[in-house]
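Undergrad: Need coordinates for the following:
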Amino acid sequence: MNLKQAKSELHLHLDGSIRPSSLLEICKEKNISIPATSLQEVTRLMEVPENCDSLNTYLKRFDLPLMILQDGESIERVTYELAEDLTKEGIEYGEIRFAPFYSTKNGLTQEMVTKAAINGAKKAMKNHPNIRIGLILCCMRGLDEDINLETVKVCSNLLGDVVCAIDLAGAEALYPTSDYKYIFDKAKDAHIPFTIHAGEAAGPESIYSALEFGTKRIGHGVRCIEDSNLMKQLKEREIILEVCPTSNCQTFPLKKASLHPIRKLFDSGIKITLNTDNRTVSHTSLNKEIELLKNEFGFTESEFDTIWKNAQEARFLK
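TA: Numbers count the residues shown, from 1 in each chain. Coordinates of the predicted model:
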């Protein structure tokens, strides 16, 4: 591909990027009952339907993966495998995010969940020394305040050479970003870096709230295109947008990929990065996203170098 800059991926969900074959194997090993018996059926249940009409529909594809993320061995395995998948694409730095609370149904604590993921990441980096992995812990819209604050606490306790930040994710259209100031106040007190999902299912008001909280990075942020003043602010403040074109087209939804605003965002001077969001759910890879930008928007090698440079500058682990 001859890219001058090393490739990095900053926006990648663990539960949305599990190998279907691994999920099927784990279910058989752990005697987990699922409504599928073949790899084809499992894959169909994990991938977004063609008629996806909203982010809420998209999020239903996480129900099955979360069934296997309830023990340390499985969490460690899928974290390792996702890091391994990144190395196969020549990615040299990746940040994997997940909500530790969603893996506590069978008795694990949020800290135990996170430590299992750390083990998987460290094992992957030992066996694949060309990649660096960071873990971002997701607070979730719709959860009780004490649960989200526990996630912040766990992040603070484990912050270091693998755990690197927190995030706010979930059903943005149902739960306004403005309701979650308490998370980022606590994060700032604990000196925890953060990113925030905003401007995906909700409009510019969600991004404005994220900026008020002090974020330097925004997950998605594509609906800033609806507000020229907001776009100006993003450019002037050098805010990084973690753009995920295929996923955005599935959740927005856009009738075709060519309508995605990524070219306009890039040409306006906003700092964008290129990401997959959920590799399995969206049936994509970073190389597929690269080809999409080349074929639909005419991105050049030098423009890709700018995108990778943006990612290198925005990464939480230096």
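
Undergrad: Am I right that K235 is in contact with I270?
TA: Yes: taking Cβ atoms under 8 Å as the definition, K235 is a contact partner of I270 at 5.2 Å. No exception for glycine: its C-beta is placed from N, CA and C like everyone else's.

Undergrad: Which of these two has more residues huddled nearby?
TA: Set side by side, K235 and I270 show unequal neighbour counts under other Cβ atoms under 10 Å, the larger going to I270 at 25 against 15.

Undergrad: Now do the contacts for the more buried one.
TA: By Cβ atoms under 8 Å, 6 or more residues apart in numbering, the contact list for I270 reads C224, M231, L234, K235, I239, L241.

Undergrad: burial count for the residue lying closest to the second one once chain neighbours are set aside?
TA: Okay, so that is M231. Of all residues beyond its chain neighbours, the one nearest M231 is C224 (5.3 Å), with distances taken as Cβ to Cβ, 6 or more residues apart in numbering. The number of residues packed near C224 is 29, by other Cβ under 10 Å.

Undergrad: what's near enough to touch C224?
TA: G199, P204, I207, L230, M231, L234, L241, L265, I270.

Undergrad: any idea how far L292 is from it?
TA: 20 Å (Cβ to Cβ, to the nearest Å).

Undergrad: mind showing which ranges of the stretch 201-318 of the chain have poor pLDDT?
TA: 253, 255 (pLDDT under 70).

Undergrad: Can I take it that the residue nearest to M231 is in a helix?
TA: Yes: remark: C224 belongs to a helix, assigned using DSSP: H, G, I helix; E, B strand; the rest coil.

Undergrad: distance of it from K264?
TA: 10 Å.

Undergrad: Could you do I196 as well?
TA: 22 Å.

Undergrad: Comparing these two, which residue is more hemmed in?
TA: Neighbour count, other Cβ under 10 Å: between I196 and K264, I196 has more, with 30 against 13.

Undergrad: Measure how buried the nearest residue to the more buried one once chain neighbours are set aside is and give me the count.
TA: Nearest residue to I196, sequence neighbours excluded (Cβ to Cβ, 6+ apart): A210, at 4.2 Å. When counting by other Cβ under 10 Å, one arrives at 27 neighbours for A210.

Undergrad: Next up, the contacts around A210.
TA: A210 neighbours (Cβ under 8 Å, 6+ apart): T177, I196, A198, G199, I218.

Undergrad: Number of residues surrounding the fourth one?
TA: In other words, G199. Other residues close to G199 by other Cβ under 10 Å number 28.

Undergrad: Kindly report the same for the third one.
TA: As a burial measure, A198 scores 28 neighbours (other Cβ under 10 Å).

Undergrad: all helices for the stretch 151-300 of the chain, in order.
TA: All helices of the stretch 151-300 of the chain, identified by DSSP state H, counting those that start in this stretch, fall at 181-189, 204-213, 228-236, 245-251, 262-267, 286-297.

Undergrad: which of these is buried the deepest?
TA: helix 245-251 (a mean of 24; mean count of other Cβ atoms under 10 Å).

Undergrad: by contact count, what packs against that helix?
TA: The helices and strands touching helix 245-251, judged by 3 or more Cβ pairs under 8 Å, 6 or more residues apart in numbering; DSSP states H and E, are helix 55-59, helix 286-297.

Undergrad: export the ones you listed to JSON lines and tack on distance to T43?
TA: What follows is those, written out as JSON lines (distance: least, Cβ to Cβ, whole Å):
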{"stretch": "helix 55-59", "distance to T43": "16"}
{"stretch": "helix 286-297", "distance to T43": "16"}
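
Undergrad: E111 is nearest to which of these?
TA: Proximity to E111, assessed across those by Cβ to Cβ, is greatest for helix 55-59 (25.2 Å).

Undergrad: hmm, who's touching that closest one?
TA: Here helix 55-59 has contacts from 48-49, 52, 170-174, 200-201, 247, 250-251, 281, using Cβ under 8 Å, 6+ apart.

Undergrad: Filter those residues down to the buried ones.
TA: Neighbour-count burial (16 or more other Cβ atoms under 10 Å) applied to the contacts of helix 55-59 gives V48, C52, G170, A171, E172, E200, A201, S247, Q250, T251, V281.
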